[in-house]
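A.B. asks: Below are the sequence and a predicted model; questions follow.
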Amino acid sequence: GGQHLDTAPVYSLRGGYSFTDRVGVEAGLDYSITSSRLKTDKDIAIFKYGVEGLYHFMPDKKLVPFVAAGLGGYNMSGPSALVSRKT
């Protein structure tokens, strides 16, 4: 089943730190307010957050390929229990 949400702009804030040329970390927060197509919920706030560790393969090149692994989650809050959830 779908979430019955309309599309809406997403606002993001991200920051990172490099411990060495090859190893770094990045954290981010995304926020959006959207509308539900269900009659019980109209305005839904969505927060997505996470942190990732990064490994840069060729840090001295102009194009720096990397691999990232991390954890994240999201909160959805609306007027009813049909939409409000944390994952």
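C.D. replies: Now that the structure is in, tell me what you want to look at.
A.B. asks: got the residue ranges for the strands in the chain?
C.D. replies: Secondary structure of the chain (DSSP state E): strands at 11-18, 23-35, 43-56, 66-77, 85-86.
A.B. asks: List the residues that contact the closest residue to residue 50 other than its chain neighbours.
C.D. replies: Nearest non-adjacent residue to residue 50, counting by CB to CB, 6 or more residues apart in numbering: residue 72, 2.5 Å away. Every residue, glycine included, has its C-beta placed from N, CA and C. Residue 72 makes contacts with 48-51, as judged by CB atoms under 8 Å, 6 or more residues apart in numbering.
A.B. asks: thinking again about what came up before, I'd like the strands of the chain as a markdown table, with mean pLDDT appended.
C.D. replies: Below are the strands of the chain laid out as a markdown table (pLDDT from 0 to 100):
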| stretch | mean pLDDT |
| --- | --- |
| strand 11-18 | 96 |
| strand 23-35 | 91 |
| strand 43-56 | 91 |
| strand 66-77 | 92 |
| strand 85-86 | 60 |
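A.B. asks: Could you check how far the residue nearest in space to the middle of the chain is from residue 65?
C.D. replies: In the chain, the residue lying closest to the centroid (CA atoms, centre = their mean) is residue 48, at 4.0 Å. In this view, residue 48 and residue 65 are 25 Å apart by CB to CB, to the nearest Å.
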